[in-house]
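Enquirer: This is a predicted model, with the sequence first.
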Amino acid sequence: VPVYVRQAPSEVTGEHSAIVLNDLSALSPGASPWLTAFHADFARRLAHLLALPAMRAAIDAPTALAALAPPAKGEGDAPAPRPEPNRGAIHAALDPYDLQRLRAYARSLADHTLVTDLAPRL
């Protein structure tokens with residue numbers, strides 16, 4: 001299950017680095033609930049990054065679609081978390097992880113690449 005794609009391509013090969021995880025402790029087929037949630041956050045962030053022209057040009061469509069595809073569902077998987085209704089516009093557009101990343105960036109504890117995917121929504 002893909003969970004990370006580096007935004008800048010390698011200077012040597014021109015390819016984007018990726019991190020793919022597999023839960024080896026899962027006894028049933030399909031992804032674990034934590035891995036499904038991790039991938040859902042990654043897919044949401046990647047989809048927002050693909051709205052930027054630089055990322056659209058850097059990652060071809062088949063690769064992007066493969067990375068955005070949800071992991072196989074197992075029988076015990078929890079549903080993806082949904083935002084709570086009746087919240088303000090900020091809470092509708094940003095989840096707690098997004099706000100946490102913005103706080104880290106505002107305190108100069110993180111680089112701008114950590115919050116680049118939030119720019120189209122803000």
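Expert: Perfect, I can see it now.

Enquirer: those strands in the chain, which residues are they?
Expert: Secondary structure of the chain by DSSP state E: the strands cover 2-5, 18-20.

Enquirer: List the neighbouring strands of the longest one plus their orientation.
Expert: Looking at strand 2-5 with DSSP bridges, its partner strands are strand 18-20 (antiparallel).

Enquirer: Just the buried positions in stretch 56-66, please.
Expert: Within stretch 56-66, the residues that count as buried by 16 or more other C-beta atoms under 10 Å are Ala58, Ile59, Ala64. Backbone N, C-alpha and C define where each C-beta goes, glycine included.

Enquirer: tell me which of the residues you listed is nearest to Ala40?
Expert: Ala64 (15.9 Å; C-beta to C-beta).

Enquirer: For the closest one, which non-adjacent residue is closest in space?
Expert: For Ala64, ignoring the flanking residues on the chain, the nearest one in space by C-beta to C-beta, 6 or more residues apart in numbering is Leu50 at 5.8 Å.

Enquirer: quick one: that neighbour from Asp98, how far?
Expert: 17 Å (C-beta to C-beta, to the nearest Å).
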